[in-house]
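J.: let me see the structure of the following:
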Amino acid sequence: MKREVTKAIFPVAGLGTRFLPATKSIPKEIMTLVDKPLIQYAIDEARAAGIKEFIFVTSRGKGALEDYFDHAPILEASLREKNKTELLEKLKATNMESGAIAYIRQHQALGLGHAVWCARRLISDEPFAVILPDDVIAAETPCLQQMIEAYQETGGSMVAAMEVPPKAASSYGVLDIKEDMGSMVSVRGMVEKPKEGEAPSNLAVIGRYILTPSVLQNLNDLKSGAGGEIQLTDAIAKEIAENRDVFGYRFRGQRFDCGSKAGYLQATVAFGLANEELGNEFAEYLREMVTIPNAAQ
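T.: Next comes the predicted model:
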């Protein structure tokens with residue numbers, strides 16, 4: 001019997017070294033994409049999908065992340081006094097009620113699989129989601145919501161997947177497809193960061209997962225994999241080896257890798273243009289930026 005997915009793990013222990021010096025004093029997940037920090041996009045997506053319990057796997061220096069989701073009585077009182085109701089509503093979306101959010105420390109940087117394993121006692125025997133805040137997805141129906149709707153039909157474990165150029169496959173976990181059913185594929189195997197030319201397909205796993213509790217047991221049994229880390233991909237591959245269902249889901253939407261500077265800038269442009277308040281002014285600015293160099297040529 002399939003069970004409702006109400007818990008999500010957010011692995012946020014990384015140091016964000018690709019964004020130094022900005023991340024010297026603030027967590028990468030607090031960096032702002034237009035008018036919201038990256039972590040808020042992930043939380044909003046999880047809420048839309050029906051997630052009720054939020055588990056953050058953190059590390060030292062992430063205090064600002066915890067503070068972000070706390071109530072701010074002085075700020076709220078000031079906004080209320082000045083009758084700034086619209087800003088108060090925006091602030092409300094950042095508040096998490098007591099008991100809805102938990103923080104677990106990952107004391108060693110041993111990979112994504114290890115980060116998920118750190119949250120095992122809070123998951124127990126329930127299916128759960130994993131959301132990587134670096135992967136921001138613009139979609140009419142939020143990506144995790146799409147996946148949970150599909151999961152209600154399939155059960156098993158499910159990973160979000162997108163097609164990538166062959167040269168880029170070595171940066172991802174890649175699916176070995178058993179049967180292609182359109183938006184859904186059944187999976188024969190998974191390869192983490194295959195060498196160029198050795199990828200079993202061009203369908204790559206990105207940062208959304210719905211996993212069964214048996215994946216946690218697989219992580220418990222694993223030793224280090226690719227890169228000397230405990231790989232979540234290896235734990236999911238073990239599900240396949242033990243004849244449990246694993247599916248890849250081709251989500252509808254555009255994914256931005258905000259863990260890279262180029263991806264972060266691309267997301268800023270896309271979300272800036274889509275912003276109701278800023279979009280027109282920003283679009284005009286971009287047109288001018290394009291036109292002036294062309295005129296000079």
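
J.: show me where the stretch 1-150 of the chain has strands.
T.: Secondary structure of the stretch 1-150 of the chain, counting by DSSP state E, counting those that start in this stretch: strands at 7-11, 32-33, 36-37, 53-58, 101-105, 128-131, 135-138.

J.: lowest average pLDDT across those?
T.: Among the strands of the stretch 1-150 of the chain, strand 101-105 carries the lowest mean pLDDT, at a mean of 87.

J.: what angle do that strand and strand 7-11 make?
T.: 40 degrees (axes from the mean of the first three to the mean of the last three CA atoms, to 10 degrees).

J.: mind listing what's buried along strand 101-105?
T.: By neighbour count with 16 or more other CB atoms under 10 Å, strand 101-105 contains the buried residues 101, 103-104. Quick note: C-beta positions are derived from backbone N, CA and C, even for glycine.

J.: now tabulate those residues in JSON lines and tack on distance to residue 289.
T.: Shown next, in JSON lines, are these (distance: CB to CB, whole Å):
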{"residue": "101", "distance to residue 289": "41"}
{"residue": "103", "distance to residue 289": "42"}
{"residue": "104", "distance to residue 289": "44"}
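
J.: about what we covered before: can I get the strands of the stretch 1-150 of the chain in JSON lines including distance to residue 239?
T.: Shown next, in JSON lines, are the strands of the stretch 1-150 of the chain (distance: least, CB to CB, whole Å):
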{"stretch": "strand 7-11", "distance to residue 239": "17"}
{"stretch": "strand 32-33", "distance to residue 239": "33"}
{"stretch": "strand 36-37", "distance to residue 239": "33"}
{"stretch": "strand 53-58", "distance to residue 239": "21"}
{"stretch": "strand 101-105", "distance to residue 239": "23"}
{"stretch": "strand 128-131", "distance to residue 239": "14"}
{"stretch": "strand 135-138", "distance to residue 239": "22"}
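
J.: out of the ones you listed, which gets nearest to residue 18?
T.: strand 135-138 (14.5 Å; CB to CB).

J.: give the pairing partners of that closest one; include direction for each.
T.: If you go by DSSP bridges, strand 135-138 pairs up with strand 254-257 (antiparallel).

J.: can you give me the mean pLDDT across the strand it pairs with?
T.: So the average pLDDT for strand 254-257 ends up being 94.

J.: any buried residues in the helix ranked longest in the chain, and which?
T.: Longest helix of the chain, by residue count under DSSP state H: helix 279-296. Buried residues in helix 279-296, counted by 16+ other CB under 10 Å: residue 282.

J.: for that helix, C-alpha coordinates in PDB please.
T.: Only the C-alpha atoms of helix 279-296 are listed here, as PDB (Å, rounded to 0.1, in the frame of the first residue of the first chain):
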ATOM      1  CA  GLY A 279       9.600  42.100 -15.500                       C
ATOM      2  CA  ASN A 280       8.800  44.900 -17.900                       C
ATOM      3  CA  GLU A 281      11.500  47.300 -16.600                       C
ATOM      4  CA  PHE A 282      14.100  44.500 -16.600                       C
ATOM      5  CA  ALA A 283      13.200  43.300 -20.100                       C
ATOM      6  CA  GLU A 284      13.600  46.900 -21.400                       C
ATOM      7  CA  TYR A 285      17.000  47.100 -19.700                       C
ATOM      8  CA  LEU A 286      18.100  43.800 -21.300                       C
ATOM      9  CA  ARG A 287      17.000  45.000 -24.700                       C
ATOM     10  CA  GLU A 288      19.100  48.100 -24.300                       C
ATOM     11  CA  MET A 289      22.100  46.000 -23.200                       C
ATOM     12  CA  VAL A 290      21.800  43.900 -26.300                       C
ATOM     13  CA  THR A 291      21.100  46.800 -28.700                       C
ATOM     14  CA  ILE A 292      23.900  49.100 -27.600                       C
ATOM     15  CA  PRO A 293      26.800  46.600 -28.400                       C
ATOM     16  CA  ASN A 294      25.100  45.600 -31.700                       C
ATOM     17  CA  ALA A 295      24.900  49.300 -32.700                       C
ATOM     18  CA  ALA A 296      28.600  49.800 -31.900                       C
END
